[in-house]
Structures are given as structure tokens and as C-alpha cells.
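Undergrad: this is the structure alone, sequence omitted:
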């Protein structure tokens, strides 16, 4: 089975969303962390929904591409303000959650 395991974007056109995020939620810890550092979640959500999974191993990136195609959970991992934050979109695309790995 093959997958398109890289996002291709035209330099003149912003990348298009690959899937629905559903309701966007975050844990209290992540909200406090973002607020403390004056960081918006939007850039990380945009990266997640356009196929930039952040710092995930190649096998997780491949799983994400397959999840986009076949409809399972999608996980991105970003370093934000000195801490790792996960962005997880559920398989049914009803909700996307920002959380610390310790909160999973």
C-alpha cells in the first residue's frame, strides 16, 4: 500500500485543509501555558490540518497520512514555549484537542 506521505503546496497558494478539525478544545494546562507565553494555537492547528505533523517519527507521519485517507485518529506534536504539546483529531473528526503528552 502506498501513501502520499508529504504535503505538496504551490508556493503562491496557502496549503488547503486535509480534514475537518471539528470542535477545537484544549486542556486547562495547555491554555494556561499558551496564555502565559502569549502564544496563539492557530499556527499549530493550521500546520496540523495541512499535513505538517511537527516532530513525529516517520512511522507516525505515515500513520497520519493513512488516517487522513481512511479516517482514523491524527496526532501532531509541537514544541511550544519550551514544552511539548500534542494536537489530536479524533477518527470521526468531531473534535481536535490540544494537550500535554502527560495529560493523554
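TA: Happy to help now that I have it. Given the structure is predicted, the values throughout are model-derived calculations rather than measurements.

Undergrad: low-confidence ranges in this structure?
TA: For the chain, the stretches flagged by pLDDT under 70 are 1-12.

Undergrad: ranges for the helices of it?
TA: Under the criterion DSSP state H, helices of the chain are mapped to 28-37, 42-49, 58-70.

Undergrad: which helices and strands does the second one pack with?
TA: Looking back up the chat, that one is helix 42-49. When contacts are defined as 3 or more Cβ pairs under 8 Å, 6 or more residues apart in numbering; DSSP states H and E, helix 42-49 sits against strand 74-80, strand 83-89, strand 95-99. Where you see a C-beta, it was placed from the backbone N, CA and C, and this is true even at glycine.

Undergrad: buried sites along the last one?
TA: Read that as strand 95-99. For strand 95-99, a neighbour-count test (16 or more other Cβ atoms under 10 Å) marks 96, 97, 98, 99 as buried.

Undergrad: in contact with the closest residue to residue 68 other than its chain neighbours, which residues?
TA: Nearest residue to residue 68, sequence neighbours excluded (Cβ to Cβ, 6 or more residues apart in numbering): residue 18, at 5.0 Å. Counting by Cβ atoms under 8 Å, 6 or more residues apart in numbering, residue 18 makes contact with 7, 49, 50, 51, 68.
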